[in-house]
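Student: Okay, predicted coordinates and the sequence, questions at the end:
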Amino acid sequence: MPSPTGLGMASDRARARMVQNLRDLGIRSAVVLEAMGSVPRHLFIDQALASRAYDDVSLPIGHEQTISKPSTVARMLEISLAGLDEARRGAATVLEIGTGCGYQAAVLAQLCGQVVSIERLRALHEQARANLRALRIPNLRLVHGDGRAGVAQAAPYDAIVVAAAAGDEVPEALLGQMKVGGRLVAPVGVERQSLHLVERTGKFDWELTILDAVRFVPLQVGKS
Ligand code: SAH
C-alpha cells in the first residue's frame, strides 16, 4: 500500500526494517512477511506513538487495551495459517476474536479470502472501523459483540485467531465453529500464558498443542 507522501516513504523503509527483524526473530512464512510489509501499522496507533509503530513492542490503544507487538502478530498468523496452500488461503474464511485497533485483521485480510473480526468494546470497534476506512479492505467484516460465542453466521472457519487470553481453556463455542481440518490459535492462562494450537481432526476430535509463552490482555465476558 504505497503512499506518495514523505511519511509514506519513511514508513516503507521502517516497515522493511520491521520485516527484516521478524525474519531475524525466526518468522519463516513468506506470505505473512509480505502481508506485514504491506499494511501501514502507523495508521492504527495514536499519532503521538507513531514513531514507534514499527518497533517490536506492544503499544496502548486506549480502553486499557494494546496492539500486539509485530512478532506476536506474525507468529499467530504463521501458526494459524500453516498448512493452507495459496489456493486454500484464498478461499479461506477466518475469524479473529479481539479486533482492537484493527491491525491484525487488516493483515489477515491480505492473506485470506474472508475475514470476520469481533470486538467486545464498542469504542474500539468504532476506532477500528475508522482506522480501516481509508484502506478500503473489501473482504473484512467487523462485528461488535462477545467473541467467546464466536460468530455463528459465517462459521465454520478455516482458522480462528484469538487475540486475548482465555483464563483456563478455549471457549467451547469456538471449537464448534472450526472446520474439520481447521486450526485455532489462542493465548490461554492468567499469570502464565501460553499459545494453544487446536486442530480439529474430525467431527468429534480436536488436538491440542501447547506452544510459546506469551503475554496478552484478558479475554473478557460480555460486550460494552
Ligand atoms: N488484534 C489486535 C489486538 C487487540 S488486543 C491487534 O491487532 O493488535 C485484544 C482485544 O480483545 C481488545 O481490544 C479487547 O477489548 C478484545 N476482547 C477482550 N475480550 C473479548 C471478547 N470476549 N470478545 C471480543 N473481543 C474481546
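Tutor: Done, it's in.
Student: Quick one: low-confidence residue ranges for the chain.
Tutor: Scanning the chain with the threshold set as pLDDT under 70 gives 1-7.
Student: Could you point out the longest helix of it?
Tutor: Ranked by residue count and defined by DSSP state H, the top helix of the chain is helix 6-24.
Student: The closest residue to residue 114 other than its chain neighbours: what's it in contact with?
Tutor: Computed as CB to CB, 6 or more residues apart in numbering, the closest residue to residue 114 that is not its neighbour in sequence is residue 93, at 4.4 Å. C-betas here are computed from N, CA, C, even on glycine. Taking CB atoms under 8 Å, 6 or more residues apart in numbering, we find residue 93 in contact with 112-116, 154, 156-158.
Student: Format these as TSV; extra columns: secondary structure.
Tutor: TSV is the format used below for the contacts of residue 93 (DSSP: H, G, I helix; E, B strand; the rest coil):
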residue	secondary structure
112	coil
113	coil
114	strand
115	strand
116	strand
154	helix
156	coil
157	strand
158	strand
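Student: among these, which ones are buried?
Tutor: Those of those that meet the buried threshold are 112, 114-116, 154, 156-158, by 16 or more other CB atoms under 10 Å.
Student: From residue 156, how far off is the residue nearest to residue 114?
Tutor: Computed with CB to CB, to the nearest Å, the distance linking residue 93 and residue 156 is 8 Å.
Student: and if you look at residue 28?
Tutor: 27 Å.
Student: Can you give me the first-to-last residue distance of stretch 132-152?
Tutor: With CA to CA, to the nearest Å as the measure, stretch 132-152 spans 23 Å from end to end.
Student: Can you give me the buried ones in it?
Tutor: 132, 137, 140-144, 146-148, 150-151.
Student: Alright, calling it a day.
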